[in-house]
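# Structure of the sequence below:
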Amino acid sequence: MDLDKLDRIIKNEKWEKFAEFLYAINEDYLKIVGKYDLFRISFYTWYVMAEWGILSPKLEKCLDQAENILIDAFKIATEKYSNDEDYLWFYGYLINVFPEHFLSIYSDYLKAENVGKQMLNMASQMQYTLAIIFNEKFLEKDVLESGKKDLENMFDKSTEAYDYFITMIELIESENKK
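Numbering: from 1, shown residues only. Okay, here's the model as predicted:
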């Protein structure tokens, strides 16, 4: 599966093609992809549900599939990487920002939100730069630069996932300059 093509489909809002990709992803595939590809797939499904799902009637028919993939990817990532700081930060962020997409696991909005916060806190305690930035809004230049480098290690600079998190860091920077 070409995740770069999937990234281009999302950037260009080609929702019919996105739906085709979703139906090609299954649990067996998720089990064999690498950590960062699993993160990318999770991000794409989360991002489309969070940012585009309610805005595009063309996506309505595949939102359940997107959520199923997100949940399956999260479960697999939890089995493989539950003590990994990348995992804790990444899924902690996704869960904290949109807990409603994880209700099938946590059954309660506040419980899901708290799990996301706990994951971010654990990654922050491990001194993981991205967790510090997103959890504590830490703005020392060297920490921000380190966080940007961590993102480059996870996601190619040309991906929607990278762009999204860089934009969030820049938002944090601009909010704290006011």
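# Name the helix or strand for the residue most central in space within the chain, please.
Nearest to the mean C-alpha position of the chain, counting by CA atoms, centre = their mean, stands residue 43 at 3.5 Å. Counting by DSSP states H and E, the element that carries residue 43 is helix 35-47.
# just the strands in this structure please.
Counting by DSSP state E, the chain forms no strands at all.
# sorry, back to before: which residue, other than its chain neighbours, is closest to the residue nearest to the centre of the chain?
Once flanking residues are discounted, residue 43 sits nearest to residue 161: 4.4 Å by CB to CB, 6 or more residues apart in numbering. Backbone N, C-alpha and C define where each C-beta goes, glycine included.
# Kindly report the same for residue 156.
Closest residue to residue 156 apart from its sequence neighbours, by CB to CB, 6+ apart: residue 162 at 6.4 Å.
# what do you get for residue 90?
Per CB to CB, 6+ apart, closest to residue 90 is residue 39, 5.5 Å.
# quick one: that neighbour from residue 16, how far?
Note on residue 39: its distance to residue 16, by CB to CB, to the nearest Å, is 25 Å.
# Where does pLDDT dip in the protein?
52-58, 137-139, 176-178 (pLDDT under 70).
# Show me the helices in it, by range?
Counting by DSSP state H, the chain has helices at residues 3-11, 15-24, 27-32, 35-47, 63-81, 85-97, 103-106, 109-125, 129-136, 141-154, 160-177.
# name the helices or strands packed onto the fourth one?
Packing contacts for helix 35-47, counted by 3 or more CB pairs under 8 Å, 6 or more residues apart in numbering; DSSP states H and E, involve helix 3-11, helix 63-81, helix 85-97, helix 160-177.
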